[in-house]
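Visitor: Sharing a model prediction with you, sequence too.
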Amino acid sequence: MTADAMFRGRLVMAPMSRGTDAPFRRLACEWGAEVAVGEMAYAHKVVRGERSEIALVRRHPAERVFGAQLAGKDPDVLAQAARIAVDQGADFVDVNLGCPIDDAVRRGFGAALLRRAALVGRIVEAMKRAIDVPVTVKLRLGWDDGKPTFVKIALAAQAAGVDAVALHARSRAQRYRRPADWTHVRTLVEALDVPVIGNGDLMTWADAHGKLAETGCAAVMIGRWALAKPWVFREFSERQDIEMPPQERLAVVRRYVELCAETFGDDELGRKRSRRFLTFHQDFFSRYRRGAGTEAVNSEDPRSWGRPPDGELESWLCRQDAAAANALADWLIDDGPAVPPPPAPPDAPRAVKPAVLG
């Protein structure tokens, strides 16, 4: 399948560290996601055969189109890792050129490559020689706010044979602190001949369709908000809002727990892993509010979004504190009582420390 056929007109699930684990990708697929990208995997660890890293590039049979994302800087190592990813079922392989986290950039991976156009070209060339599925890159605007390099990097990748380019319309320095600037997506569309995928601050199906029309990009990519409401993919395809009352939201969380059990097992170790992943995802599930507006995209306090929770169950599902998340895991994973803990004080510790997702 060509990259254009793979992406054109679609809402793509963005790669996110810890966010696009296999159980969640399957959940998104059940809600209509047609293309999903897995968690960033370090290429050198994939080549070394580390089981936990190879799991990140493995496609589940239920997935429609799966992309494996690799981070690295050595063209030969990335080419070897790409072959392994294809052997694991990847329909395309993406190179991470945008991850801002310290561990990645210190190694010269991710956003560090936004300053090395020639190396990006060599990486793409090596991967194109190694595999017969599309090779894509995902990048940010540049390393610093005032020095955009995305067009230069994307042109180098295109000259090397890249099949598509995804642009997260922020710089490395901005992380997630400023709104994404989609005018840069339009700029990239005009500069390239290959499909461009726009990414950043998509919150609703209307946002997604609007950005497709405004920029002329081939596809749009959604990240954090898909973690909060995986049914956004169905909203996109049906072009209508789906308001999710608490019992239906609970069913979504239950289904995620079921998929975790299938993936990790139902023994003590498997349940421990399921708890860890549920706790992470509940931090995002809890952000959904019925009637949330577009102003919620970059809110520092998601509890202020949309309609206040209505009733005990919805209030529980909207909580991000550790006591509430642990009680939810006790109930759904370990068959504990379906009883929420007392209301949390304002300074209660959050279940998950906010972090960059990639």
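Guide: Alright, I've got the coordinates.

Visitor: Hmm, Lys45 and Ile84 touching each other?
Guide: No - with contact defined as Cβ atoms under 8 Å, Ile84 does not count as touching Lys45 (10.7 Å). Bear in mind the C-beta positions are built from the backbone N, C-alpha and C, glycine included.

Visitor: quick one: buried residues of stretch 38-48?
Guide: Buried residues in stretch 38-48, defined by neighbour count with 16 or more other Cβ atoms under 10 Å: 38-47.

Visitor: just stretch 323-341 next, same as before
Guide: The neighbour-count check on stretch 323-341 (16+ other Cβ under 10 Å) flags 323-333, 340-341 as buried.

Visitor: Switch the buried residues of stretch 38-48 over to CSV; also include pLDDT.
Guide: Listed next are these as CSV, based on pLDDT from 0 to 100:
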residue, pLDDT
Gly38, 98
Glu39, 97
Met40, 97
Ala41, 98
Tyr42, 97
Ala43, 98
His44, 98
Lys45, 98
Val46, 98
Val47, 98
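
Visitor: nearest to Phe277, of the residues you listed?
Guide: Glu39 (11.4 Å; Cβ to Cβ).

Visitor: Which residue ranges of the stretch 151-300 of the chain form strands?
Guide: 164-168, 196-199, 219-222 (DSSP state E, counting those that start in this stretch).

Visitor: so which of those is the most packed in?
Guide: strand 164-168 (a mean of 30; mean count of other Cβ atoms under 10 Å).

Visitor: Adjacent strands (with direction) for that strand?
Guide: strand 135-140 (parallel), strand 196-199 (parallel) (DSSP bridges).

Visitor: Now render those as TSV, adding mean pLDDT and distance to Trp31.
Guide: TSV is the format used below for the strands paired with strand 164-168 (pLDDT from 0 to 100; distance: least, Cβ to Cβ, whole Å):
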stretch	mean pLDDT	distance to Trp31
strand 135-140	96	23
strand 196-199	97	19
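
Visitor: okay, those strands in a markdown table with distance to Leu212 next?
Guide: Output for the strands paired with strand 164-168, formatted as a markdown table (distance: least, Cβ to Cβ, whole Å):
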| stretch | distance to Leu212 |
| --- | --- |
| strand 135-140 | 18 |
| strand 196-199 | 8 |
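
Visitor: Could you list every helix and strand in contact with the helix or strand of the chain with the lowest mean pLDDT?
Guide: Least confident element among the helices and strands of the chain, by mean pLDDT, DSSP states H and E: helix 102-106 (a mean of 88). For helix 102-106, not one helix or strand is in contact under the criterion 3 or more Cβ pairs under 8 Å, 6 or more residues apart in numbering; DSSP states H and E.

Visitor: which residues are contacting the very next helix or strand once past that helix?
Guide: Downstream of helix 102-106, the first helix or strand assigned by DSSP states H and E is helix 117-130. Outside helix 117-130, the residues within contact range by Cβ atoms under 8 Å, 6 or more residues apart in numbering are 72-73, 75-76, 78-80, 82-83, 93, 95, 97, 113, 135, 137, 149, 152-153, 155-157, 159-162.
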